[in-house]
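Structure for this input, please:
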Amino acid sequence: MEEKREFVYFMRSRLSDGTIHQYPIYRKGEDYYIEDHKVPSGKDIEEEINRVFGATAIEPVMPHPLHEETKFKNP
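From the prediction side, this is the model:
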């Protein structure tokens, strides 16, 4: 059975015309993807957004605040 891609976060980036775009970042096993583009092993996601899309990475945008993952759950 083929492993599915898992959504990780969005990377907010500024395009060359000044507009802001959010690229979805996915993980499949040890590999990361920006939209449908596979990030080569050893490359940084921010560098790859700049190289492939011509955009400057600003900040990651999480689907929900990180503190929600660390909350203690009542049994």
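
mind showing which ranges of the chain have poor pLDDT?
Applying pLDDT under 70 to the chain flags the ranges 1, 64-75.

can you map out the strands along it?
Taking DSSP state E to define them, one finds strands in the chain at 6-14, 20-28, 31-34, 37-38, 56-61.

Return the most buried member of those strands.
strand 31-34 (a mean of 17; mean count of other Cβ atoms under 10 Å). Every C-beta, even on glycine, is put in place using the N, C-alpha and C of the backbone.

who's in contact with that strand?
The contact list for strand 31-34 (Cβ atoms under 8 Å, 6 or more residues apart in numbering) reads 5, 8, 11, 23-27, 38-39, 41, 45, 48-49, 52-53.

7 Å - rerun?
5, 23, 25, 26, 38, 39, 45, 48, 49 (Cβ atoms under 7 Å, 6 or more residues apart in numbering).

Which two of those have the greatest separation?
The span of these, defined through Cβ to Cβ, is set by 5 and 49 at 17.5 Å.

what about the two, which has more around it?
residue 49 (23 against 14; other Cβ atoms under 10 Å).

from what I can see that one touches residue 23, true?
Yes. With contact defined as Cβ atoms under 7 Å, residue 49 counts as touching residue 23 (6.2 Å).

Bridged to the spatially most central residue of the chain, which residues?
Nearest to the mean C-alpha position of the chain, by Cα atoms, centre = their mean, lies residue 25 at 2.6 Å. According to DSSP bridges, the partner residues bridging residue 25 are residue 9, residue 34.

can you tell me which residues contact it?
8, 9, 10, 11, 32, 34, 45.

Tell me how far the last one lies from residue 38.
Right, the one you point to is residue 45. Look at residue 45 and residue 38: by Cβ to Cβ, to the nearest Å, they are 11 Å apart.
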